Structures are given as C-alpha cells and as structure tokens.
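Colleague: starting from these lines, generate the structure:
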Amino acid sequence: MCRLRPQIFVAACAFFIGGDAVLRAGTPLLRAEMHAGRPEVHVLSWDTEGGRRAETNLLRSGKPLGLRVKVDGQWKQGSEFPASPQPAPAKSTSYRLAITPKASLLWSASPASDSLTMTFSLQGPGSSQVESVDVLFPFDPGVTPVSVLPSQWADDGSLRLPAVINAPDFGQMLLADSGKRRLKARLEGSRSNKTVDFSVELPALGPGAACVLSLTPVWLPAPKGLVDQALWEKARRGWFGALQPSARWGEQDRPFSAPAGILANNVISDPASCSLWFYADQALWTPQIIADISAAALVRRSIDWWLDHRTRSTGEVVGYWDYGSFLDANAGPLIAAWDYFEASGDRPWLERRIGRLEVIAEFLAKRDVDGDGMVEATQSGNRGTLKQPGRSCAWFDALNCGHKDGYTNALIYRAWRCLAELEGRLGRNERQARYHGLADRLKAAYVKTLYNPATGWLAWWKSADGELHDYASPIVNGLAIEYGLVEPGQGREILERLWAKIDQVGFQRFDLGIPPMLVPVRRSDYLLPDALGIPQREDGTDTFGHYQNGGVTAGQTLHFLAAHYVVGQPGKADGVLRAMLQRQAEGKFQNGVRDAGGQGIDWTDWSGRPTGYEGYLADSYRFLQAVLLREPSFRARYYRPLARHPSGQ
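Modeller: Here you go, the predicted model:
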C-alpha cells in the first residue's frame, strides 16, 4: 500500500503554502493561492519529493480551479455569481456564492503544508433549485501532462473517486471524499488546444449536508523485496511517469482520437498497442496504490479496449489511429496480458479473454510465410520501399524495418512464451505446447538469420531481397540478449563489441540513455519522401542523432541495460543507470506536451537538444525498471516465461 504522508506545516500565509522553508528530502510540499476577491484557486502545485517544483503552477494561465453550477437546466461558472468572503479559521479561506435569492453555496478551503481540504455546502430554503455542482481542475499539459488513476473507470468514460492525480515530475496527490463516496468525475482534453480538464461532480448538497474533498500526497514505497532502497529513492519521483491514462479527446468516431482511461503516450496523445507492454511491465512492479486503486486494473482496461475495439476480423491489432501492419501491435497485448495476470491473479478475466488472446497470437503465427520460424512483416524492408502514408512494422515507425525484423521478432518470442505460461495456468496443455513450439522455432532461427559475421553482432532486420540492414543497434541486440535469444556467452561478446563501437563513435552523454543505433540510417532506410529526422544525404550523416536516425530516447535504453544484468556484467549498465537517474531527478526527460516536430525532448540528439515531437512520452520512464531488474529476484520473476528448455512444459 502507498503511504499517505502526514501533514507537516512548514510555512503558511492566508492561502499560500511554500516560501523559503527548508525541507528534508522527500517531504511533500503543496502550494495553493486563492484569488483575493473571487472564489477561485489560481495557483495549485505540489512537489511530493520536497524540491522546488511547487513553484510552477500546474493550472493553465487565466484558468483557475473553480466551480460550475447548474441552475434551472443551465450551467454557469462559479465566478458569475455574486460572492462574499466569510469568516474562516486561521489559514483557511471561505466564500459564499449567491446562487439564487434563496440559495447560497459555501466554499471553504483549508490548506496545510502538504495537503488541501475543500468543503462545500448549500444553505437557504431554495437549495433544491441547485441541480448540480462541479469542481473543475484546468491543468496545463504544457507544464506536465497531469492525468488521473481512479478507483474505477465506467463504461461511459467517466471515473470514480478516490483517484490519484498524477503530475509527472511533480508527484501524486490522492483526491478523495471524506465520506468515502465514489463521486463521479471526468477527464477530458484537447490535443490541438493543449488542455486537460478534470472535473468532479459533487453529491447532492441538501440543507445542512456538506461534501469535503481532500488532496493528500502519495509516496510510493519500493516494490516488495527490493534490496537497494537508495536507488529506489532516486527512481521514485519518475515511476508514475510511465502511467498516463488518456483524457477523452478528439472526435470519438474517428481514428485520430482517444477515449478516456486508456494507457497512452501522454494524457492528450495516442494510445498505441505497440507500446502497451511498456506500461504493463511498469504496472507489474507498481505496489497497490491504496485499497481501491491499482495500476493493474488500468492495464486490464487498456487490454480489453484493444481486444474489443481495435482488433480487426483477421486478428490483426491496429497499431495506432487506423494503421495496421505493426507486428508488435499484436505482441504488445499478449505481453500485457501476462503482466496483468501475474500482478492480479485474475483467473476469471483470463478464462474470459484467453480465446481472444489466441486469435491475435495466431495472426502472428500465420505471418511466418516461409515457415522458417521467424515472423515476416508485410513490409519488405528493401531500400526505398517505406513511403508515406505507410509505416514500418514496429514502434520505430519511421525506420524502414521489415520482413525479418529483429526488434518485433524478439517481442513476438516473449509474447508466445507469456501466452504459453497463461495457457498452462488454465490447464490448457495442448495450447501451451503450441505456443512454446512456435517460440522454440523462432529462437532456433533468430540468430542465424540476423547475425552479421562482419560486425560480430545482430543486424536490425533482413529484408526480402536478402540484405542485412545493420545499424549497430544496442537496443535490438540488448533485447535479444535480455530475452535469451542469444546465449549468455555470445551475449557478452556482443556487448563488448558494442561498447567498443560506442567508444569509437564518441558517444558520451549516458545521462540521456543509449542511442538505438550507433551509425547513421541511410535515407533509403527511412520513411520517404519526408519525415521527422529524415536525412537528405543517402549516407544519413546530415541528420544523424535526430529522432529515429540515431536520436536518443530514454525508454528503449532499458533493454541494453537489462542485457548486462542478464549476462552478469552489471558495471557499465549501472554507470549509465545512475547518470540517467540524476537526469530524471532534474525533470529533464520531458518538457511538457509539445506535439510539434523538433521541439520535444522525448528524443534528443547526442548533446541533449530536442529532436522529438511529443515533448512527453510516457515510455521514456520505463528505463526505471532497470532499478529492479539489476536484482536477481526480480529477474527471476520477470523472465520466468522465458526460462525453459525447447519443447519443455
């Protein structure tokens, strides 16, 4: 269970919390300011690690936290009603809003050093005329993409309190009703306008009845069994960064949109099935937040959405928007299903969903078109063939990977092993044997298909014309070593050669992570005729280090680090991890939602300059899993589905 930190008063004046107080590390701090003449909170922020983040307002400029009131069928803003200050205890502020001549709404706010309590009540004989009251939190995703993790998501897209308000790099606050009522709320946003609105519907406020909402800090304890507690303290601030349920944004009948409550790139960006397993892996290790809130439930909701709403009749899962032909789009939900069941033990869900999981697994099996064990993409991977509006077969969607692709086949291997274990949990031995058999055949073909004797490591992909496209990839090789597709002895040799290449090319900014490739991508191996990061020179040198032409994105570094832990050589990986943890502590793996090419630091060049577009990419924070995977007990659990002999059960 997450611990709710006790209130510690450090500095207060009227409705401002903060100032020059000296706090010990990890002491949460909340800052709130109420307008002097109106019932509005125009500054709200916090820092659950006791730093200076609370100095930055989380609310949109000119859009305060306030009320909406429905009277006679019409919604009005709280600021439209006459308001007068009321006597209040020290360090509290209270306003009376004249809603009608016979009904008034009393709003009191009582801050502490690390928390905020707001009380709402109706008074007067005309109280029944007030049909509904909402509290609106207008967050600014350009500062950080605030999202929520509630106790429940409803079918209509609404949610129920209690809920954790997750402000990445600032921390998490629990919003709850003191009466423990599951108040209805909504999370809505606009990708084009860069807005996030979180609204809470107050219960019926009859005469003399009150609703008390509290914001209290959440401090996530280390996952059970973790030995290195000091490293967890360095990772804790960013851990929730990988968990970004989407707001409802866009036209819901069109692909370019998102429903509420699906794990996504960020709160007003795309859900992507090829990324789902990133977040599910993070959720696997996340302790129960409170009794009513779990990250695992969010994973279940996301899997169900992809299976029920974004899987085609063929069994192909859409990658994002309406793009198909992503092999990891099918692998992602399979891996996520293992994560969910491993975290929850939810057998009824697994029994209900196993048939649908088999459908998407069989789609992959049918893509082994030449019967060699490797799953072939529909994209050929031949030079010059990836053209707009097409996309590649993988999360690296601007890279011309195709045919026999190393990245996606590593994920498919893990997905089949995970599904085999799930089948075994249900006693479905024949189906378990089938997916183990598919994984065995893939493993037997993987290295001999992709190994490049000229470099001593694995190429990224082998195209349909037989060419090995080798970009000296720490990520693809790291995945293969981590998942056991490469035996440990050969894995150590590959890592040694890749480190020599890292030294040769002069990459030194390990605080950023590790580049996905160490040599430039040819123009003919990029998304043509134009895409973010595309080189104009055929040799790729003119944009090397930009976006998917050798740019650095933190999340993918996880696999290179994990490979070192798997083969028993943690030294260099720990050095990279500690450098990245320091950067994470400084909040430098995001610069708010940008959604503009070349402005986001979700990808950087080798000097740390932005070359991405999201600004905030949730999977950047999954590198923090390395804090756990460096320890044997966590590796034993995580890699358990992979730890078996060919044809074994």
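
Colleague: which parts of the stretch 201-350 of the chain are helices?
Modeller: Remark: helices assigned in the stretch 201-350 of the chain by DSSP state H, counting those that start in this stretch are 229-239, 276-284, 295-309, 327-344, 347-366.

Colleague: reformat those as CSV; add mean pLDDT.
Modeller: Shown next, in CSV, are these (pLDDT from 0 to 100):
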stretch, mean pLDDT
helix 229-239, 94
helix 276-284, 98
helix 295-309, 97
helix 327-344, 98
helix 347-366, 98
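
Colleague: quick one: which of those is nearest residue 487?
Modeller: Of all the helices of the stretch 201-350 of the chain, it is helix 327-344 that lies closest to residue 487, at 22.3 Å by CB to CB. Placement of C-beta: from N, CA and C, glycine included.

Colleague: quick one: distance of the closest one to the chain centre.
Modeller: Centroid separation for helix 327-344 versus its chain: 15 Å, with CA atoms, centre = their mean, to the nearest Å.

Colleague: now swap in stretch 76-84 and tell me
Modeller: With CA atoms, centre = their mean, you get 38 Å for stretch 76-84.

Colleague: all numbers from here: first residue = 13
Modeller: Yep, numbering from 13; the last one is stretch 88-96 now.

Colleague: can you give me the end-to-end span of it?
Modeller: For stretch 88-96, the first-to-last residue distance is 18 Å (CA to CA, to the nearest Å).

Colleague: where in this structure is pLDDT low?
Modeller: Scanning the chain for pLDDT under 70 picks out the ranges 13-38, 656-661.

Colleague: all the helices of it, residue numbers only.
Modeller: For the chain, applying DSSP state H gives helices covering 241-251, 288-296, 307-321, 339-356, 359-378, 418-437, 441-462, 486-494, 500-517, 569-578, 583-597, 638-641, 644-650.

Colleague: now distance to residue 99 too, for those helices, in TSV please.
Modeller: Output for the helices of the chain, formatted as TSV (distance: least, CB to CB, whole Å):
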stretch	distance to residue 99
helix 241-251	40
helix 288-296	47
helix 307-321	43
helix 339-356	50
helix 359-378	53
helix 418-437	61
helix 441-462	69
helix 486-494	62
helix 500-517	67
helix 569-578	56
helix 583-597	44
helix 638-641	50
helix 644-650	55
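
Colleague: among those helices, which is nearest residue 69?
Modeller: Nearest to residue 69 among those is helix 241-251; the distance by CB to CB comes to 19.0 Å.

Colleague: so what's the nearest residue to residue 269 once chain neighbours are set aside up against?
Modeller: Nearest residue to residue 269, sequence neighbours excluded (CB to CB, 6 or more residues apart in numbering): residue 262, at 2.8 Å. Contacts here follow CB atoms under 8 Å, 6 or more residues apart in numbering; on that basis residue 262 touches 203, 268-270.

Colleague: can I get the helices of the stretch 213-362 of the chain in a markdown table with distance to residue 420 and mean neighbour count?
Modeller: What follows is the helices of the stretch 213-362 of the chain, written out as a markdown table (distance: least, CB to CB, whole Å; neighbours: other CB atoms under 10 Å):
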| stretch | distance to residue 420 | mean neighbour count |
| --- | --- | --- |
| helix 241-251 | 27 | 19 |
| helix 288-296 | 12 | 26 |
| helix 307-321 | 17 | 21 |
| helix 339-356 | 4 | 26 |
| helix 359-378 | 9 | 17 |
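
Colleague: to residue 59, which of those lies closest?
Modeller: Of all the helices of the stretch 213-362 of the chain, helix 241-251 sits nearest to residue 59, with 9.1 Å by CB to CB.

Colleague: what's the local residue count around the residue lying closest to residue 174 once chain neighbours are set aside?
Modeller: Once flanking residues are discounted, residue 174 sits nearest to residue 188: 3.9 Å by CB to CB, 6+ apart. Residues near residue 188, counting by other CB atoms under 10 Å, number 23.

Colleague: now do residue 233
Modeller: So residue 233, with other CB under 10 Å, has 13 neighbours.

Colleague: isn't it right up against residue 299?
Modeller: Yes: in this structure, residue 233 is within contact of residue 299 by CB atoms under 8 Å, at 5.9 Å.

Colleague: buried subset of the contacts of residue 262?
Modeller: For the contacts of residue 262, a burial check counting by 16 or more other CB atoms under 10 Å picks out 203, 269-270.

Colleague: let me have those residues in CSV, extended by distance to residue 222.
Modeller: Compiled in CSV, these are given as follows (distance: CB to CB, whole Å):
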residue, distance to residue 222
203, 37
269, 38
270, 36
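
Colleague: pick the one among these closest to residue 196.
Modeller: Of all those, residue 196 sits closest to residue 270, with 20.0 Å by CB to CB.

Colleague: that closest one and residue 276 touch, don't they?
Modeller: Yes: in this structure, residue 270 is within contact of residue 276 by CB under 8 Å, at 6.1 Å.

Colleague: who touches both of these two?
Modeller: Joint contacts of residue 270 and residue 276 (CB under 8 Å, 6+ apart) are 258, 282-283.

Colleague: mind listing the residues bridging to residue 275?
Modeller: Beta bridges link residue 275 to residue 257, judged by DSSP bridges.

Colleague: that one: neighbouring residues, count only.
Modeller: For residue 275, the count of nearby residues is 30 (other CB under 10 Å).

Colleague: what do you get for residue 553?
Modeller: Residue 553 has 15 neighbours, counted by other CB under 10 Å.

Colleague: which one is it nearest to, not counting chain neighbours?
Modeller: That would be residue 532: by CB to CB, 6+ apart, it lies 5.1 Å from residue 553.

Colleague: the one you found and residue 304: what is the separation?
Modeller: Here residue 532 is placed at a distance of 50 Å from residue 304 (CB to CB, to the nearest Å).

Colleague: the more surrounded of the two?
Modeller: Neighbour count, other CB under 10 Å: between residue 532 and residue 304, residue 532 has more, with 20 against 17.
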